[in-house]
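> Here is my input, please return the structure:
(2 chains)
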Amino acid sequence: MRPTALSWVPAALAAGFAFLYLPILLLVLFSFNESRLVTVWAGFSTRWYGELMSNGRMLDAAGLSLSVAAVAASLSAVFGTLAGYSMGRFGRFRLRTLFALLLLSPMVLPEVILGLSMLMTFTTLDRLVGWPAERGFLVIAFAHATYGTAFVAVIVEARLRGLDPALEEAALDLGAGPVRAFARVALPLLLPAVVAGWLLAFTLSLDDLVVASFVSGPGSTTLPMLVYSSVRLGLSPQINALATIMVLAVVMLAFAGARQSRNTA
Amino acid sequence: MSEAPWIRRARRMFVVPAFAWLVATVALPLGLVAAISLGEATQAAPPFDWALNFTNYALVAGDPLYVEAFARSVRIAATSTAICLAIGYPMALAIARAPRSRRVRLLFLVVLPCWTSFLIRVYAWMGLLRPAGYINSALQALGLIDEPLALIANAFAVHLGIVYAYLPFMVLPLYATIERIDAALVEAAHDLGAAPVRAFWRVTFPLSVPGAIAGALMVFIPACGEFVIPDLLGGPDTQMIGRILWLEFFQNRDWPVACAIATALAGILAGPILLFDRYRIRGT
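I've put the predicted structure just below:
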């Protein structure tokens, strides 16, 4: 394409990036603010990081969120890989349209609907079989896995399109069963996609406020739930500090991931 | 293309468990919501009884509070989608026209904010927009205004929040379609004497419409049911249906009405979702 055309377009891109990043940069900057008033600069300080680190409720919530995210991401990776492999390898099967729609729904439906639907399921289950009476860690992880699955499946399916089915066929010709052919041939090749999907599901779980608020029982407060109740009361420098830690973690992970994929590509 | 026999044998082992999981975690829960929307609220725990009447829907349809909230949600989501398109299109175009070596890096910069917490990104705007926030303080320090501007707790802030949070979802599918447009087509338009702007409107733009539709739906559908943004950035006159559902559930504890609202919302979004299924660009 001729680069001279529409020369204001790159400027629009720069403005777009400023719009995306300026709010985050301000958030990070003011996490090092001495003053309790978040928007008035009063000198450099790391005191809010210290207070955050000694905030027991915050640490408990972070611990719960991280373990929920790990379990949710692992469940998502298993079922998302199965679903993605089903979509990508088995071209046409009965009810495929329904299958695709069920896979798409959790990605696009509003979270309030998903959260409500998960809670209705758990309470109905509790009525029928007496489980789960206490909706804690495992229930939240299951709820998060339902939409994590969809995201893993999309990534796995995309990667699968670049893989020749002849590879699995060769394994089958050599006497392996379909499960063995999948586990020994396809899965190792799909592994980068599964890992990327696991990370995405982990992030989504760690970030979720709405679904967790619906399904969790009293006593199970995830990190976003705690952040939300604190933010509703107004700005808090501790939240700025927490946000900075999260942003740094994400940036480092993202850069590591990008380097990794460049090296393996 | 004929089917290899192994595919038929293996299918059962993969499709059946995946299907079972999807039915248990997606179809069944959504079906339950639809079923409970026909139930009755009680004082028991859980606070509903199975029934088969449409009184909850009659209540929702007959109360201007709910009807207005539905209409407002669609309106706010549609306007925000249009703004996202206006901002996102030039961004996607610029990335598609950047040197190949730089495209991945630019795209990475578009997606990166999505990996940081949604809640935190909305919180960041609270700091910018409040009466004592960065924008008002800066404008007052410069002597441009005497009284702080009302930037938060109104429709402006809700639109801004939605555009900010969902912009990357507009840029991604747009970029994917624009990038795939054969450069030879645009060159041909140039060779035939079309000015760059004309070549854009007659060649590039029409070919990018599927990406624009996919991106628009990726913004519009979730924005319709948004809860966090109207809750934290909106005010009393920007109640969206996602927040009404939340209040119905957590404050009124009326589960059947909450389920009726959810079912109606899903019904409204069914059309856009099916459309999205047709337009989504595979692999993006």
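
> hey, let's count contacts and neighbours off CA atoms from now on
OK.

> now the helices for the chain?
I'll assume chain A. Using DSSP state H, the helices of chain A run over A:9-29, A:47-53, A:56-89, A:96-108, A:111-129, A:137-160, A:166-173, A:178-181, A:187-207, A:210-215, A:223-232, A:237-264.

> try again with chain B
Remark: helices assigned in chain B by DSSP H are B:5-22, B:28-36, B:55-62, B:64-97, B:100-115, B:118-129, B:134-141, B:155-180, B:183-191, B:196-199, B:205-224, B:228-233, B:241-250, B:255-279.

> Return the residues in contact with the most centrally placed residue in chain A.
Nearest to the geometric centre of chain A sits residue A:204, at 2.1 Å (C-alpha atoms, centre = their mean). By C-alpha atoms under 8 Å, 6 or more residues apart in numbering or on different chains, the residues touching residue A:204 are residue A:148.

> what about chain A, any weak spots by pLDDT?
A:1-6, A:91, A:260-265 (pLDDT under 70).

> Report the spatially nearest residue to residue B:56, omitting neighbours in sequence.
With sequence-adjacent residues excluded and distances taken as C-alpha to C-alpha, 6 or more residues apart in numbering or on different chains, residue B:56 is closest to residue B:257, at 5.4 Å.

> burial count for that neighbour?
Per other C-alpha atoms under 10 Å in any protein chain shown, the neighbour tally for residue B:257 reads 25.

> cool, and residue A:45?
13.

> one step back: tell me which of the helices of chain A is the most buried.
Most buried of the helices of chain A by mean neighbour count (mean count of other C-alpha atoms under 10 Å in any protein chain shown) is helix A:137-160; its value is a mean of 26.

> so how far is that helix from its chain's centroid?
9 Å (C-alpha atoms, centre = their mean, to the nearest Å).

> is any part of that helix close to chain B?
Yes. Helix A:137-160 reaches chain B (C-alpha under 8 Å from any C-alpha of the partner chain) through A:146, A:154, A:155, A:157, A:158.

> could you give the angle of that helix to helix A:187-207?
Angle, helix A:137-160 to helix A:187-207, by axes from the mean of the first three to the mean of the last three C-alpha atoms, to 10 degrees: 140 degrees.

> packing partners for helix A:137-160?
Counting contacts by 3 or more C-alpha pairs under 8 Å, 6 or more residues apart in numbering or on different chains; DSSP states H and E, helix A:137-160 is packed against helix A:56-89, helix A:96-108, helix A:111-129, helix A:187-207, helix A:210-215.

> give me that answer again for 10 Å
Helices and strands touching helix A:137-160, by 3 or more C-alpha pairs under 10 Å, 6 or more residues apart in numbering or on different chains; DSSP states H and E, are helix A:56-89, helix A:96-108, helix A:111-129, helix A:187-207, helix A:210-215, helix B:5-22.

> Any residue of the longest one touching chain B?
Same thing as helix A:56-89. Yes. Helix A:56-89 reaches chain B (C-alpha under 10 Å from any C-alpha of the partner chain) through A:78, A:79, A:80, A:81, A:82, A:83, A:84, A:85, A:86, A:87, A:89.

> The shortest one too?
Yes. Using C-alpha under 10 Å from any C-alpha as the criterion, contacts between helix A:210-215 and chain B involve A:210, A:213, A:214.

> The second one too?
Yes. Remark: helix A:96-108 sits within contact range of chain B at A:96-108, by C-alpha under 10 Å from any C-alpha.

> what packs against that helix?
helix A:56-89, helix A:111-129, helix A:137-160, helix B:5-22, helix B:205-224, helix B:255-279.

> That one versus helix B:255-279: what angle between them?
Using the same axes, to 10 degrees: helix A:96-108 against helix B:255-279 is 110 degrees.

> where does chain B have low pLDDT?
B:1-7, B:281-284.

> who are the neighbours in contact with residue B:89?
A:9, A:12-13, B:83, B:95, B:170-172, B:174-175, B:178, B:205, B:208, B:211-212, B:215 (C-alpha atoms under 10 Å, 6 or more residues apart in numbering or on different chains).

> One more: residue B:276?
A:104, A:108, B:213, B:214, B:215, B:216, B:217, B:218, B:221, B:270 are the contacts of residue B:276 under C-alpha under 10 Å, 6+ apart.

> For residue A:232, state which of those residues is nearest.
residue B:221 (25.3 Å; C-alpha to C-alpha).

> Contact partners for the closest residue to residue B:199 other than its chain neighbours?
Spatial nearest neighbour of residue B:199, excluding adjacent residues (C-alpha to C-alpha, 6+ apart): residue B:189 at 5.7 Å. Going by C-alpha under 10 Å, 6+ apart, residue B:189 touches B:195, B:196, B:198, B:199, B:200, B:202, B:203.

> Include neighbour count and distance to residue A:51 when you put those into JSON lines, please.
Formatted as JSON lines, the entries for the contacts of residue B:189 read as follows, by neighbours: other C-alpha atoms under 10 Å in any protein chain shown; distance: C-alpha to C-alpha, whole Å:
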{"residue": "B:195", "neighbour count": "12", "distance to residue A:51": "61"}
{"residue": "B:196", "neighbour count": "19", "distance to residue A:51": "57"}
{"residue": "B:198", "neighbour count": "15", "distance to residue A:51": "59"}
{"residue": "B:199", "neighbour count": "20", "distance to residue A:51": "59"}
{"residue": "B:200", "neighbour count": "18", "distance to residue A:51": "55"}
{"residue": "B:202", "neighbour count": "14", "distance to residue A:51": "59"}
{"residue": "B:203", "neighbour count": "17", "distance to residue A:51": "58"}
